[in-house]
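Asks: no sequence for this one, just the structure:
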Ligand SMILES: NCc1[nH]cc(CCC(=O)O)c1CC(=O)O
(Lines give C-alpha, C1' and ligand atoms only; values in the text may rest on other atoms or scores of the structure.)
Protein backbone atom coordinates (compact mmCIF):
# COMPACT_ATOMS: atom_id res chain seq x y z
CA UNK A 1 0.00 0.00 0.00
CA UNK A 2 1.34 3.43 -0.85
CA UNK A 3 0.62 6.29 1.51
CA UNK A 4 -1.66 9.02 0.17
CA UNK A 5 -1.46 11.54 3.04
CA UNK A 6 1.13 12.79 5.53
CA UNK A 7 0.08 14.80 8.59
CA UNK A 8 2.69 17.12 10.09
CA UNK A 9 2.55 17.84 13.82
CA UNK A 10 3.80 21.36 14.49
CA UNK A 11 3.88 24.01 17.17
CA UNK A 12 1.74 27.07 16.50
CA UNK A 13 4.33 29.84 16.63
CA UNK A 14 4.86 31.76 13.40
CA UNK A 15 8.35 30.27 13.04
CA UNK A 16 7.18 26.69 13.67
CA UNK A 17 4.33 27.11 11.19
CA UNK A 18 6.70 28.56 8.57
CA UNK A 19 9.03 25.59 9.02
CA UNK A 20 6.20 23.06 8.84
CA UNK A 21 4.78 24.75 5.71
CA UNK A 22 8.26 24.69 4.19
CA UNK A 23 8.56 20.95 4.81
CA UNK A 24 5.04 20.41 3.47
CA UNK A 25 5.91 22.25 0.25
CA UNK A 26 9.13 20.25 -0.16
CA UNK A 27 7.26 16.98 0.39
CA UNK A 28 4.56 17.90 -2.14
CA UNK A 29 7.26 18.81 -4.68
CA UNK A 30 9.15 15.56 -4.07
CA UNK A 31 6.03 13.38 -4.17
CA UNK A 32 3.45 14.69 -6.66
CA UNK A 33 -0.04 13.52 -5.71
CA UNK A 34 0.78 13.16 -2.02
CA UNK A 35 -1.53 15.09 0.32
CA UNK A 36 0.32 16.89 3.10
CA UNK A 37 -1.52 18.59 5.97
CA UNK A 38 -0.50 20.45 9.12
CA UNK A 39 -1.71 19.49 12.59
CA UNK A 40 -0.88 22.53 14.77
CA UNK A 41 -0.65 22.07 18.57
CA UNK A 42 0.68 23.70 21.72
CA UNK A 43 3.61 22.37 23.80
CA UNK A 44 4.74 22.91 27.39
CA UNK A 45 7.64 25.03 26.12
CA UNK A 46 5.11 27.36 24.48
CA UNK A 47 2.76 27.55 27.46
CA UNK A 48 5.22 28.33 30.26
CA UNK A 49 6.35 31.81 29.24
CA UNK A 50 7.10 33.40 32.60
CA UNK A 51 10.26 31.40 33.38
CA UNK A 52 13.64 31.05 31.66
CA UNK A 53 13.73 27.76 29.75
CA UNK A 54 16.77 26.66 31.74
CA UNK A 55 14.73 26.64 34.97
CA UNK A 56 11.65 24.81 33.68
CA UNK A 57 13.70 21.64 33.34
CA UNK A 58 13.10 18.54 31.31
CA UNK A 59 14.60 18.01 27.91
CA UNK A 60 12.49 18.23 24.79
CA UNK A 61 10.05 20.79 26.18
CA UNK A 62 8.94 21.60 22.67
CA UNK A 63 8.68 17.97 21.51
CA UNK A 64 6.56 15.94 23.91
CA UNK A 65 3.06 16.82 22.68
CA UNK A 66 4.11 16.35 19.06
CA UNK A 67 5.52 12.90 19.88
CA UNK A 68 2.31 11.91 21.66
CA UNK A 69 0.36 12.91 18.54
CA UNK A 70 2.57 10.60 16.45
CA UNK A 71 2.22 7.73 18.95
CA UNK A 72 -1.57 8.12 18.94
CA UNK A 73 -1.67 8.15 15.14
CA UNK A 74 -2.90 11.77 14.87
CA UNK A 75 0.24 12.76 12.95
CA UNK A 76 2.90 11.00 10.88
CA UNK A 77 5.82 13.35 11.38
CA UNK A 78 6.86 16.40 13.35
CA UNK A 79 8.96 19.34 12.23
CA UNK A 80 11.40 20.92 14.69
CA UNK A 81 14.19 23.44 14.90
CA UNK A 82 17.06 21.01 15.41
CA UNK A 83 18.53 23.11 18.19
CA UNK A 84 15.40 22.42 20.27
CA UNK A 85 15.77 18.65 19.77
CA UNK A 86 17.60 16.90 22.66
CA UNK A 87 20.80 15.06 21.71
CA UNK A 88 19.06 11.82 22.64
CA UNK A 89 15.60 11.21 21.18
CA UNK A 90 12.79 9.42 22.98
CA UNK A 91 12.86 5.66 22.25
CA UNK A 92 10.90 4.76 19.12
CA UNK A 93 11.68 7.99 17.28
CA UNK A 94 14.22 8.90 14.64
CA UNK A 95 15.22 11.89 12.49
CA UNK A 96 14.78 10.63 8.90
CA UNK A 97 15.64 14.02 7.40
CA UNK A 98 17.70 17.05 8.34
CA UNK A 99 17.19 19.89 5.86
CA UNK A 100 19.99 22.07 4.43
CA UNK A 101 21.18 24.48 7.05
CA UNK A 102 20.30 28.19 6.83
CA UNK A 103 22.29 31.08 8.34
CA UNK A 104 23.55 29.74 11.69
CA UNK A 105 24.73 33.09 13.04
CA UNK A 106 23.11 34.89 15.95
CA UNK A 107 21.63 38.29 15.19
CA UNK A 108 22.27 41.52 17.06
CA UNK A 109 18.93 43.33 16.96
CA UNK A 110 18.55 46.92 18.13
CA UNK A 111 16.70 50.06 17.11
CA UNK A 112 19.49 52.45 18.13
CA UNK A 113 22.80 50.62 17.90
CA UNK A 114 24.55 48.89 15.03
CA UNK A 115 26.52 46.23 16.89
CA UNK A 116 27.65 45.00 20.30
CA UNK A 117 30.64 47.34 20.40
CA UNK A 118 28.39 50.37 19.86
CA UNK A 119 26.25 49.69 22.95
CA UNK A 120 26.74 52.18 25.79
CA UNK A 121 28.27 51.04 29.07
CA UNK A 122 25.81 48.99 31.12
CA UNK A 123 23.23 48.72 28.34
CA UNK A 124 20.37 46.25 28.81
CA UNK A 125 20.46 43.24 26.52
CA UNK A 126 17.68 40.67 26.41
CA UNK A 127 18.30 36.96 25.94
CA UNK A 128 17.34 33.90 27.95
CA UNK A 129 19.88 31.66 26.24
CA UNK A 130 22.69 30.74 28.64
CA UNK A 131 25.04 30.37 25.68
CA UNK A 132 24.29 33.90 24.48
CA UNK A 133 24.55 35.24 28.04
CA UNK A 134 27.98 33.62 28.56
CA UNK A 135 29.26 34.96 25.23
CA UNK A 136 27.94 38.44 26.03
CA UNK A 137 29.63 38.33 29.46
CA UNK A 138 32.91 37.37 27.79
CA UNK A 139 32.81 40.16 25.21
CA UNK A 140 31.09 42.92 27.22
CA UNK A 141 31.22 42.24 30.98
CA UNK A 142 29.62 45.65 31.67
CA UNK A 143 26.27 44.82 30.05
CA UNK A 144 23.14 44.19 32.07
CA UNK A 145 21.65 40.89 30.90
CA UNK A 146 17.89 40.45 31.15
CA UNK A 147 15.65 37.46 30.53
CA UNK A 148 13.63 37.45 27.34
CA UNK A 149 11.32 34.61 26.41
CA UNK A 150 8.45 34.11 24.00
CA UNK A 151 8.35 33.60 20.29
CA UNK A 152 10.28 35.79 17.86
CA UNK A 153 7.44 38.31 17.43
CA UNK A 154 6.97 38.71 21.18
CA UNK A 155 10.68 39.29 21.69
CA UNK A 156 10.84 41.95 18.99
CA UNK A 157 7.78 43.67 20.48
CA UNK A 158 9.52 43.81 23.89
CA UNK A 159 12.58 45.36 22.26
CA UNK A 160 10.42 47.92 20.46
CA UNK A 161 8.61 48.72 23.72
CA UNK A 162 11.94 49.94 25.06
CA UNK A 163 12.71 47.24 27.64
CA UNK A 164 16.18 46.65 26.16
CA UNK A 165 18.79 48.51 24.13
CA UNK A 166 19.34 45.30 22.16
CA UNK A 167 18.32 41.65 21.99
CA UNK A 168 19.91 38.59 20.43
CA UNK A 169 18.01 36.17 18.20
CA UNK A 170 18.89 33.52 15.63
CA UNK A 171 19.39 34.93 12.12
CA UNK A 172 17.69 31.86 10.64
CA UNK A 173 14.43 32.50 12.46
CA UNK A 174 14.34 36.18 11.47
CA UNK A 175 15.15 35.38 7.85
CA UNK A 176 12.45 32.69 7.64
CA UNK A 177 9.86 35.13 8.97
CA UNK A 178 10.81 37.82 6.46
CA UNK A 179 12.37 39.90 9.25
CA UNK A 180 15.98 39.95 7.99
CA UNK A 181 15.82 43.77 7.96
CA UNK A 182 15.85 43.65 11.80
CA UNK A 183 19.36 42.13 11.80
CA UNK A 184 21.78 45.00 12.58
CA UNK A 185 24.85 42.76 12.65
CA UNK A 186 25.70 39.08 12.67
CA UNK A 187 27.59 37.32 15.46
CA UNK A 188 29.67 34.62 13.77
CA UNK A 189 32.20 31.85 14.29
CA UNK A 190 35.00 31.45 15.21
CA UNK A 191 34.55 34.04 17.96
CA UNK A 192 30.83 33.58 18.50
CA UNK A 193 29.49 30.02 18.29
CA UNK A 194 25.87 29.07 17.57
CA UNK A 195 23.93 26.44 19.49
CA UNK A 196 24.48 22.85 18.35
CA UNK A 197 22.21 22.31 15.34
CA UNK A 198 21.17 25.96 15.05
CA UNK A 199 19.53 26.90 11.72
CA UNK A 200 18.83 23.30 10.70
CA UNK A 201 15.26 22.01 10.45
CA UNK A 202 14.75 18.38 11.50
CA UNK A 203 11.95 15.98 10.69
CA UNK A 204 11.07 13.50 13.42
CA UNK A 205 9.04 10.32 12.87
CA UNK A 206 8.35 6.95 14.45
CA UNK A 207 11.03 4.43 13.57
CA UNK A 208 8.43 1.67 13.08
CA UNK A 209 6.83 3.34 10.02
CA UNK A 210 9.05 2.41 7.06
CA UNK A 211 6.63 3.78 4.43
CA UNK A 212 6.64 7.18 6.11
CA UNK A 213 10.42 7.17 6.65
CA UNK A 214 11.00 6.43 2.98
CA UNK A 215 8.91 9.42 1.87
CA UNK A 216 10.74 11.72 4.31
CA UNK A 217 14.31 10.57 3.60
CA UNK A 218 14.41 12.38 0.24
CA UNK A 219 14.56 15.72 2.09
CA UNK A 220 17.76 14.81 3.96
CA UNK A 221 20.87 16.89 3.31
CA UNK A 222 23.89 14.63 4.02
CA UNK A 223 26.37 17.49 4.51
CA UNK A 224 24.17 19.24 7.06
CA UNK A 225 23.57 15.91 8.81
CA UNK A 226 27.31 15.30 9.13
CA UNK A 227 27.99 18.72 10.62
CA UNK A 228 25.14 18.66 13.11
CA UNK A 229 25.91 15.05 14.06
CA UNK A 230 29.36 16.17 15.26
CA UNK A 231 27.88 19.19 17.10
CA UNK A 232 25.17 17.12 18.77
CA UNK A 233 27.62 14.35 19.72
CA UNK A 234 29.73 16.99 21.48
CA UNK A 235 26.68 18.37 23.28
CA UNK A 236 25.59 14.87 24.27
CA UNK A 237 29.06 13.98 25.62
CA UNK A 238 28.93 17.18 27.68
CA UNK A 239 25.58 16.03 29.07
CA UNK A 240 23.97 18.97 27.34
CA UNK A 241 20.52 20.03 26.34
CA UNK A 242 19.35 23.36 25.00
CA UNK A 243 19.63 24.71 28.54
CA UNK A 244 23.40 24.78 29.05
CA UNK A 245 25.92 27.39 27.89
CA UNK A 246 27.31 25.28 25.04
CA UNK A 247 28.18 26.39 21.54
CA UNK A 248 29.35 24.32 18.57
CA UNK A 249 30.14 24.91 14.94
CA UNK A 250 31.17 22.20 12.50
CA UNK A 251 32.22 22.89 8.92
CA UNK A 252 33.12 20.58 6.04
CA UNK A 253 36.55 21.23 4.55
CA UNK A 254 38.53 19.41 1.83
CA UNK A 255 40.16 17.49 4.66
CA UNK A 256 36.91 16.45 6.31
CA UNK A 257 35.08 17.82 9.33
CA UNK A 258 36.25 20.67 11.49
CA UNK A 259 34.49 21.14 14.84
CA UNK A 260 34.90 24.04 17.24
CA UNK A 261 33.20 23.79 20.62
CA UNK A 262 32.63 26.07 23.57
CA UNK A 263 31.46 25.84 27.16
CA UNK A 264 30.82 29.14 28.89
CA UNK A 265 30.15 30.42 32.38
CA UNK A 266 27.26 32.84 32.60
CA UNK A 267 28.50 34.46 35.81
CA UNK A 268 32.16 35.03 35.02
CA UNK A 269 32.07 35.14 31.24
CA UNK A 270 34.85 32.59 31.19
CA UNK A 271 34.84 30.60 27.94
CA UNK A 272 36.47 27.24 27.31
CA UNK A 273 37.23 26.56 23.64
CA UNK A 274 38.47 23.49 21.81
CA UNK A 275 38.64 22.34 18.23
CA UNK A 276 39.62 19.29 16.19
CA UNK A 277 39.37 17.77 12.72
CA UNK A 278 38.37 14.31 11.52
CA UNK A 279 37.37 12.39 8.43
CA UNK A 280 33.77 12.65 7.29
CA UNK A 281 32.85 9.23 8.67
CA UNK A 282 34.03 10.15 12.18
CA UNK A 283 31.46 12.80 13.11
CA UNK A 284 30.46 11.24 16.43
CA UNK A 285 34.04 10.50 17.49
CA UNK A 286 34.96 14.09 16.60
CA UNK A 287 32.20 15.45 18.81
CA UNK A 288 33.34 13.23 21.68
CA UNK A 289 36.96 14.29 21.17
CA UNK A 290 36.14 17.99 21.41
CA UNK A 291 33.98 17.32 24.48
CA UNK A 292 36.93 15.49 26.10
CA UNK A 293 39.20 18.45 25.36
CA UNK A 294 36.64 20.76 27.03
CA UNK A 295 36.40 18.45 30.06
CA UNK A 296 40.21 18.50 30.26
CA UNK A 297 39.96 22.29 30.67
CA UNK A 298 37.40 22.00 33.47
CA UNK A 299 34.09 22.03 31.59
CA UNK A 300 32.49 19.86 34.26
CA UNK A 301 32.77 22.70 36.77
CA UNK A 302 31.16 25.23 34.43
CA UNK A 303 28.37 22.78 33.61
CA UNK A 304 27.70 22.38 37.32
CA UNK A 305 28.58 18.73 37.74
N1 LIG B 1 14.75 28.34 21.02
C2 LIG B 1 13.88 29.00 20.08
C3 LIG B 1 14.40 28.85 18.69
N4 LIG B 1 14.59 27.64 18.15
C5 LIG B 1 15.11 27.82 16.89
C6 LIG B 1 15.20 29.18 16.65
C7 LIG B 1 15.73 29.80 15.42
C8 LIG B 1 15.77 28.95 14.17
C9 LIG B 1 16.85 27.92 14.13
O10 LIG B 1 17.85 27.93 14.87
O11 LIG B 1 16.71 27.01 13.28
C12 LIG B 1 14.74 29.85 17.78
C13 LIG B 1 14.61 31.30 17.99
C14 LIG B 1 15.91 32.00 18.33
O15 LIG B 1 16.82 31.41 18.93
O16 LIG B 1 16.01 33.21 18.03
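Replies: It's in. All values derive from a computational prediction rather than experimental measurement.
Asks: what are the ranges of the strands in the stretch 101-250 of the chain?
Replies: Secondary structure of the stretch 101-250 of the chain by DSSP state E, counting those that start in this stretch: the strands cover 106-109, 124-126, 144-146, 166-170, 185-187, 201-206, 246-253.
Asks: among those strands, which is nearest the ligand?
Replies: strand 166-170 (3.5 Å; CB to the nearest ligand atom). Any C-beta I mention is one placed from the backbone N, CA and C, and that applies to glycine too.
Asks: list the helices and strands the closest one packs on?
Replies: Helices and strands touching strand 166-170, by 3 or more CB pairs under 8 Å, 6 or more residues apart in numbering; DSSP states H and E, are strand 106-109, strand 124-126, helix 152-160.
Asks: related to what we said a few turns ago, of all the strands of the stretch 101-250 of the chain, which lies closest to residue 85?
Replies: Closest approach to residue 85 among the strands of the stretch 101-250 of the chain (CB to CB): strand 201-206, 5.6 Å.
Asks: how about the closest one: buried residues?
Replies: Neighbour counts over strand 201-206 (16 or more other CB atoms under 10 Å) mark 201, 202, 203, 204, 205, 206 as buried.
Asks: and the residues you listed as a markdown table, adding pLDDT and distance to the ligand?
Replies: Below are the buried residues of strand 201-206 laid out as a markdown table (pLDDT from 0 to 100; distance: CB to the nearest ligand atom, whole Å):
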| residue | pLDDT | distance to the ligand |
| --- | --- | --- |
| 201 | 98 | 6 |
| 202 | 98 | 9 |
| 203 | 98 | 13 |
| 204 | 98 | 14 |
| 205 | 98 | 19 |
| 206 | 98 | 23 |
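Asks: same list, those, but as a markdown table with distance to residue 190 please.
Replies: Below are the buried residues of strand 201-206 laid out as a markdown table (distance: CB to CB, whole Å):
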| residue | distance to residue 190 |
| --- | --- |
| 201 | 24 |
| 202 | 25 |
| 203 | 30 |
| 204 | 31 |
| 205 | 35 |
| 206 | 38 |
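Asks: show me the one of the strands of the stretch 101-250 of the chain that comes nearest residue 269.
Replies: That would be strand 144-146 among the strands of the stretch 101-250 of the chain, by CB to CB, at 10.2 Å.
Asks: list the buried residues in the closest one.
Replies: residue 145.
Asks: thinking again about what came up before, deepest-packed of the helices and strands packed on strand 166-170, please.
Replies: Of all the helices and strands packed on strand 166-170, strand 106-109 has the most neighbours on average by mean count of other CB atoms under 10 Å, namely a mean of 24.
Asks: hmm, back to that, out of the strands of the stretch 101-250 of the chain, nearest to residue 259?
Replies: With CB to CB as the yardstick, what comes closest out of the strands of the stretch 101-250 of the chain is strand 246-253 (4.4 Å).
Asks: avg pLDDT for the helix or strand following the closest one?
Replies: Downstream of strand 246-253, the first helix or strand assigned by DSSP states H and E is strand 256-264. Average pLDDT, strand 256-264: 97.
Asks: for the helix or strand following strand 256-264, packing partners?
Replies: Using DSSP H and E, the helix or strand that directly follows strand 256-264 along the chain is strand 271-278. The contact analysis (3+ CB pairs under 8 Å, 6+ apart) places strand 271-278 against helix 130-139, strand 256-264, helix 283-296.
Asks: what's next to stretch 114-124, contact-wise?
Replies: 108, 110, 113, 125, 136, 139-140, 142-144, 146, 163-166, 184-185, 187 (CB atoms under 8 Å, 6 or more residues apart in numbering).
Asks: from the residues you listed, which would you call buried?
Replies: 108, 110, 113, 125, 136, 140, 143, 164-166, 184-185, 187.
Asks: quick revisit: switch the helices and strands packed on strand 166-170 over to CSV; also include distance to the ligand and mean pLDDT.
Replies: Formatted as CSV, these follow (distance: least, CB to the nearest ligand atom, whole Å; pLDDT from 0 to 100):
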stretch, distance to the ligand, mean pLDDT
strand 106-109, 8, 98
strand 124-126, 11, 98
helix 152-160, 6, 97
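Asks: format the ones you listed as TSV; extra columns: distance to residue 89.
Replies: Output for the helices and strands packed on strand 166-170, formatted as TSV (distance: least, CB to CB, whole Å):
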stretch	distance to residue 89
strand 106-109	26
strand 124-126	31
helix 152-160	25
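Asks: how about these, which one is nearest residue 99?
Replies: Nearest of the helices and strands packed on strand 166-170 (CB to CB): helix 152-160, 18.8 Å.
Asks: of the buried residues of strand 201-206, closest to residue 276?
Replies: residue 202 (24.4 Å).
Asks: that closest one - nearest residue in space that isn't next to it in sequence?
Replies: Nearest residue to residue 202, sequence neighbours excluded (CB to CB, 6 or more residues apart in numbering): residue 82, at 4.2 Å.
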